[in-house]
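S.K.: Provided below are the primary sequence and the corresponding predicted coordinates.
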Amino acid sequence: KQPIAALLQVGGVKITKDDVVRENDPANNVPDAIFSKLGMQLHRRENHPIGILKNAIYEYFDSNYSGKFVKFDDLSPIVSVKEPEKGANKDRIICDAIGKTDLNNKFAKLVKPYIRALLKTLVKNFDDVLVPADHVSRSNNDTYYVDAQTVLRCHTSAHQAELLKSGHSHFLVTGDVYRRDSIDSTHYPVFHQMEGVRVFCSDEWVDSGLDGTSYASMDLKKSLEGLAQKLFGDVEMRWIDTYFPFTNPSFELEIYFQEKWMEVLGCGVTEQEILERNGKIDSVAWAFGLGLERLAMVLFDIPDIRLFWSTDQRFTSQFSEGKLGIKFKPFSKYPPCYKDMSFWISDSFTENNLCEVVRGIAGDLVEEVRLIDNFTNKKGMTSHCYRIAYRSMERSLTDEEINQLQGDVREAVQSKLKVILR
Ligand code: FA5
Ligand code: MG
């Protein structure tokens, strides 16, 4: 298990474990395992595949747009759902943030300037990008809440509005993002995204004979195809029409990898409302959010997303700064072990909750959790059977170890999820 630091420096702000994992706040759902990932900043490590990829993308934008894109990679991942109300008592907010009742103590005086800085970087993960009030992504089943107003950002789009508002028209934001999600080789609860935004003024597209939206759409696809070409050369890919609250039209890019289509990014033409709210009048813009792990899996042939967190020398030593042509050589594939678990679910059961419990016990030894059977009996009770694949990336697991894990998982699932094991 990874040691948990007591004090972290994220986005230039010092954060303690108690700031993020709040046992007596009912809104909080951040487990220790997630806290331990805050501040790891894989994207800022020059010899890590995520850092190497980030720099390669920087290079592409630098050389194609003569350095016009401003880059951010150290914005705090702890963001507000809403901006503090106008005229809200800032001292009250600071008290809440540090869990003290007033500011008349040494500790509060010491941290006040840091918290003020943090308040300034607080942004709206949802409202600013027009995510509707009842959208699933807001639920505590999908998102990690620090408290009722504050989340661990679930996408780098959380920073779009603040950066537009502060005057930027070309920018890239790289950072760690957090989501409660399913478990398999391409999903992990912490991953990295790079956001890109480009704003055009009306005089940039009038001569094209196209309307602003078509112009931006075309330019967006052209620049992302150019990026894919630079990173991968020839690779099988396709555009899919999709929906995001903050863009219209919206697209996803998929790449053929490990015999499946894998979604690597989302993008689109920014909603006018976001531009207008943030001082961009008579403009159009495009925006994208790249899944850096997914792109790095294709680039370096990395078969499983858990590997990005490995500290095993046999993984880390294969990558170095600036080297894009490397293909990862798996250090022998250890055998997986499958365990099935069946239970009667309750109304509140969700797969994300199950995955969090399993991850909480088995950590990175769990490779996949998959629903393999699902039926409802005459009494209306619903049974699910999940197949859990255990596999270490680094060694063979013993039967004893796996039986112990599975026993602990069963116990935790029973006690935390209100299900009846069968
Ligand atoms: C978004 O997060 C949008 N904010 C992207 C965007 C930005 C659209 C700007 C339009 C304009 P989405 O939820 O699809 O979209 O995530 C983007 C990418 O993150 C996915 O394509 C995928 O590559 C990656 N991703 C999503 N979930 C996970 C996960 N659990 N583990 C690893 N990568 C993930
Ligand atoms: Mg998506």
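M.R.: Received, thanks. Ligands and ions are numbered 1, 2, ... in the order given.

S.K.: Count the neighbours of Lys418 for me.
M.R.: As a burial measure, Lys418 scores 15 neighbours (other Cβ atoms under 10 Å). Where you see a C-beta, it was placed from the backbone N, CA and C, and this is true even at glycine.

S.K.: actually Arg138, not the one I typed
M.R.: When counting by other Cβ under 10 Å, one arrives at 19 neighbours for Arg138.

S.K.: check contacts around the closest residue to it other than its chain neighbours.
M.R.: Closest residue to Arg138 apart from its sequence neighbours, by Cβ to Cβ, 6 or more residues apart in numbering: Phe126 at 5.7 Å. Counting by Cβ atoms under 8 Å, 6 or more residues apart in numbering, Phe126 touches 81, 135, 137-138.

S.K.: Only the buried subset of these, as a PyMOL command please.
M.R.: A single PyMOL command selects the buried members of those (16 or more other Cβ atoms under 10 Å):
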select buried, resi 81+138
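
S.K.: Any chance of JSON lines for the contacts of Phe126, columns pLDDT, distance to ligand 1 and secondary structure?
M.R.: What follows is the contacts of Phe126, written out as JSON lines (pLDDT from 0 to 100; distance: Cβ to the nearest ligand atom, whole Å; DSSP: H, G, I helix; E, B strand; the rest coil):
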{"residue": "Val81", "pLDDT": "70", "distance to ligand 1": "15", "secondary structure": "coil"}
{"residue": "His135", "pLDDT": "86", "distance to ligand 1": "12", "secondary structure": "coil"}
{"residue": "Ser137", "pLDDT": "85", "distance to ligand 1": "8", "secondary structure": "helix"}
{"residue": "Arg138", "pLDDT": "85", "distance to ligand 1": "13", "secondary structure": "helix"}
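
S.K.: which residues sit in contact with the closest residue to ligand 1 within the stretch 251-400 of the chain?
M.R.: Nearest residue of the stretch 251-400 of the chain to ligand 1 (Cβ to the nearest ligand atom) works out as Gly291 at 2.0 Å. By Cβ under 8 Å, 6+ apart, the contact set of Gly291 is 191-193, 263-265.

S.K.: cutoff 10 Å now
M.R.: 177, 186, 191-194, 253, 262-266, 297, 305 (Cβ atoms under 10 Å, 6 or more residues apart in numbering).

S.K.: From those residues, which land in helices?
M.R.: Counting by DSSP state H, the contacts of Gly291 place Met297 in helices.

S.K.: which of the contacts of Gly291 are buried?
M.R.: 177, 186, 191-194, 253, 262, 264-266, 297, 305.

S.K.: so how far is Arg44 from the residue nearest to the spatial centre of the chain?
M.R.: With distances taken as Cα atoms, centre = their mean, Val177 lies nearest the centre of the chain, 2.9 Å away. In this view, Val177 and Arg44 are 15 Å apart by Cβ to Cβ, to the nearest Å.

S.K.: Let me see the mean pLDDT of the helix or strand hosting Arg359.
M.R.: Element membership for Arg359, per DSSP states H and E: helix 351-362. For helix 351-362, the mean pLDDT works out to 96.

S.K.: Let me know whether it sits next to ligand 1.
M.R.: No: judged by Cβ under 6 Å from any ligand atom, helix 351-362 makes no contact with ligand 1; its nearest approach is 10.3 Å.

S.K.: that older thread, can you tell me how far the residue nearest to Arg138 sits from ligand 1?
M.R.: Noted for Phe126: a distance of 11 Å to ligand 1, by Cβ to the nearest ligand atom, to the nearest Å.

S.K.: ok, Thr398 - how many residues close by?
M.R.: 10.

S.K.: Got the confidence number for it?
M.R.: According to the model, Thr398 scores 95 on pLDDT.

S.K.: Many thanks, we can stop here.
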